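Trainee: Here is the input, now give the coordinates:
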Amino acid sequence: MQHQLDITFFRRKKLPIILQNELSECGLACLAMIGHYWGIEFSLRELREKYPFTLRGASLKNIINIATDLKFNSRPVRLEMEAIKHLTCPCILHWDLDHFVVLKKIKGNKLYIHDPAIGKVKIKWSEASKHFTGVALEIYPATTFKPEKSSSKISTKSVVGKIIGLKKGLVKLFLLGIMIQICMLISPLYLQWIVDDVIAVNDTNLLTVLGIGFILLTLLRTSIETLRDWFISIFSIQLNYKWRGNVFNHILNLPLEWFQKRSLADIISKFHSIQEIQDGITNKVVSSLIDGILVVTTFVMMFLYSKALALFSFLAIIFYLILRWVSFDAQKNIISEYIINKAQQESHFLESIRGMQSIRLYNHQIERSINWMNLSVKEINTGLRMEKFSLSMGFANKIIFGLDRIIVIWVATLLILENNFSIGMLFAFISYKEQFSGRIISLIDKISDILMLKIHVERLADIVLTLPEDNSGTNSIFEKNTIHDVTIKLENISYQYSQNEPMILDNINLTIPMGQCLAITGASGCGKTTLLKIILGLLTPTRGEVFIGGIPLSTINKNSYRKLIATVMQEDHLFTGTIAENISFFQASPDFNEIEKCAIDASIHEEIKYMPMGYNTLIGEIGTGISGGQKQRILLARSLYRNPQILALDEATSHLDVPNEIAVNNAMKKYHFTKLVIAHRPETINAADRIIVLNKGRIISDELNKHGENAASEALD
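Mentor: Reported below is the predicted structural model:
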């Protein structure tokens, strides 16, 4: 067994838990955890940008290559379960055949695992043997290794960004809170003055003055509290609306690859983190500042009454503070695990709803139900652990401060018996002590909650700190409804998903004259859709350049370019609304005559006409009540309504019967815009002016269509 020199002897090493954001980045997350342990404090986001992976994930070789680049030595080991105890920790274990986890330590018969998918896990030896595949990777610093700090740590400010009115609103809340606290500080004096100055001398006039004065004080305090609560409600709604709007707009502009590497439920869960952060900012941060001021002032008042009694109360606070500090990591882990378990349960639920037809046809209702119940049990159990933690803290709170109250009254009574304290002072002191204890407990709990917000900040950061789609091109010459030269030229185009992946496209050179109908065909997986997405600007080529009308696509503003484009892609969706709204893509003032004309050309008009509500028939992604072929033709009508100069069709007629496919192809011939058609069926290929065939990322055939019966079969041979 090899051992390494601990070059970070004077630095306390701690293995953090870093959760994966993408479905396939468990290996990278494991490297990030071990990197942090040894002093390379790069965020997972920074590593992801430097070492991107596809949905297929990373192999052990990929992880070793990245570790070497980070100045680590690696030692892959194949071993039996019994030999794990000889590994140098932390190390990476291959788990469940398709996952990587970090082994932190082994203690007794338990393995302490940091799983990037679910968090910290303690697992028994017998249970671990069911998951461990027999492959491990020891990672330790090379001689050239140097600890590095992250240049871009995630902060709440960077995630929240600039929100107009935030500072002004927080200042107003702070001032209202201070006014309420002043009223609360004066309130305890009422009982002291009644006992010592009214009852003692039977002064009814003073009683009347005090009664009226404190009635007015109570009315003032209640009014200010109501005003504050109303302001918090309005401020929270406005803040939530503005912030959610900003984040949603950012989501709509993120690269497509970002969505392809994350589950829908996970994205929704991260988006909902806005609510937790907003609540922390509007309620907990301001309240903590006010509580802090009140804690100091009430403690000063207590100290002025009695130093000994004040110190007793202070000791109780120290005990509670230590308890919260010791249990902080446990609470954080439970909350993280709960968020992840909830997202997994919701993801399974959404998948089941979306795939209901497949589930029904394969009689998998029971299996899906059992799986969902298991995920729900995990979520519920984690929720119960959270509740148990809260009850434990509440129990400790009551014990500590219950004993504190008894001791304080005990000692204060002794002081009264010795004539060092009055009964009125006791009542006032108890009132101040209750305020002090309540506020310091609230302050400690809120500070803990604010620190817990880091969980939500890190989750939301995956959205807001991801750069939007590159739209930095300054060339905005393209305008809708204006004819432009849209000759497409590809020079030496190559593409790979990441540096560790093979080339999907390899040195493609192609010129597509304006107005030509080009059919792109070839075996599945040969790069047809990737080529089309590069032309559309959805993907950036690894090498080479795309020219539109002689202008490099990289210099063209994508929003300007897409004004000229219409598409029907394999992943395209209909949205909840009427057929007419979907064809016009919810245009504010649609042209119904144009909608009908496009539907006729897409060979769907007759079928729409015989629907009960015609073009006002409601459809959507789920429960549309329309066939796959009808959906494709509505999507085709939507693309024609856009009046494009470049039309891209990816298997756009694959669900059509032959007569409808021929009718659509014939209708397309009267449109003189450029058509890029990915197809396998002869009817669509034969309708093209030119046919290219791809194989393993290269063009192996490029011919003008003979428009004969065998043109398609010759291209596919």
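
Trainee: what does the one helix or strand Leu532 maps to contact?
Mentor: Leu532 is part of helix 528-535, with elements assigned from DSSP states H and E. Residues outside helix 528-535 that contact it (C-beta atoms under 8 Å, 6 or more residues apart in numbering) are 488, 490, 493, 495, 504-505, 508, 520-522, 539-541, 546, 569-570, 648, 650, 676, 678, 694. (C-beta placed from N, C-alpha, C; glycine too.)

Trainee: Quick check on these: which are buried?
Mentor: 488, 490, 493, 495, 504-505, 508, 520-522, 539, 541, 546, 569, 648, 650, 676, 678, 694 (16 or more other C-beta atoms under 10 Å).

Trainee: Look up how far Thr578 lies from the nearest residue to Ile626 once chain neighbours are set aside.
Mentor: In this structure, Ile626 finds its nearest non-sequential neighbour in Ile619, 6.1 Å apart by C-beta to C-beta, 6 or more residues apart in numbering. Distance of Ile619 to Thr578, given as C-beta to C-beta, to the nearest Å: 7 Å.

Trainee: These two: which is more packed in?
Mentor: Ranked by neighbour count (other C-beta atoms under 10 Å), Ile619 and Thr578 place Ile619 first, with 20 against 16.

Trainee: my guess is the more buried one meets Gly625, correct?
Mentor: Yes - with contacts counted by C-beta atoms under 8 Å, Ile619 reaches Gly625, the gap being 7.0 Å.

Trainee: And stretch 272-289, end to end?
Mentor: 26 Å (C-alpha to C-alpha, to the nearest Å).

Trainee: One more: stretch 67-77?
Mentor: 15 Å.

Trainee: Pull the distance from it to the chain's centre.
Mentor: Put simply, stretch 67-77 sits 30 Å off its chain's centre (C-alpha atoms, centre = their mean, to the nearest Å).

Trainee: ditto for stretch 570-581
Mentor: On C-alpha atoms, centre = their mean, the centre of stretch 570-581 falls 26 Å from the chain's centre.

Trainee: Buried residues of that stretch, list them for me.
Mentor: Neighbour count says stretch 570-581 has 574, 578-581 buried, by 16+ other C-beta under 10 Å.

Trainee: do stretch 308-325 as well
Mentor: Quick answer for stretch 308-325 (16+ other C-beta under 10 Å): 309-310, 312-313, 316-317, 320, 323-324.

Trainee: can you check stretch 678-685 too?
Mentor: Buried residues in stretch 678-685 (16+ other C-beta under 10 Å): 678-680, 682-685.

Trainee: And the residue nearest the centre of this protein?
Mentor: Nearest to the geometric centre of the chain sits Lys270, at 3.3 Å (C-alpha atoms, centre = their mean).

Trainee: Now it. Nearest residue, chain neighbours left out?
Mentor: Lys270's closest residue in space is Arg459 (C-beta to C-beta, 6+ apart), at 4.6 Å.

Trainee: got the contact list for the one you found?
Mentor: 269-270, 273, 339.

Trainee: what sits against Leu323?
Mentor: Listed by C-beta under 8 Å, 6+ apart, the contact partners of Leu323 are 393, 396, 400.

Trainee: So the first one lies in a helix, does it not?
Mentor: Yes - when the secondary structure is assigned by DSSP: H, G, I helix; E, B strand; the rest coil, Met393 falls within a helix.

Trainee: For the residue nearest to Ile626, what are phi and psi?
Mentor: Main-chain dihedrals, Ile619, degrees, to the nearest 10: phi -140, psi 170.

Trainee: residue contacts, Ser401?
Mentor: In this structure residue 401 is Phe, not Ser. 316, 320, 437, 441.

Trainee: And it, which helix or strand is it part of?
Mentor: helix 365-417.

Trainee: What is the subsequent helix or strand relative to that helix?
Mentor: helix 423-464.

Trainee: Now do the nearest residue to Glu607 once chain neighbours are set aside against Ile608, distance only.
Mentor: Excluding the flanking residues, the one nearest Glu607 by C-beta to C-beta, 6+ apart is Gln630, at 6.3 Å. The gap separating Gln630 from Ile608 is 9 Å, by C-beta to C-beta.
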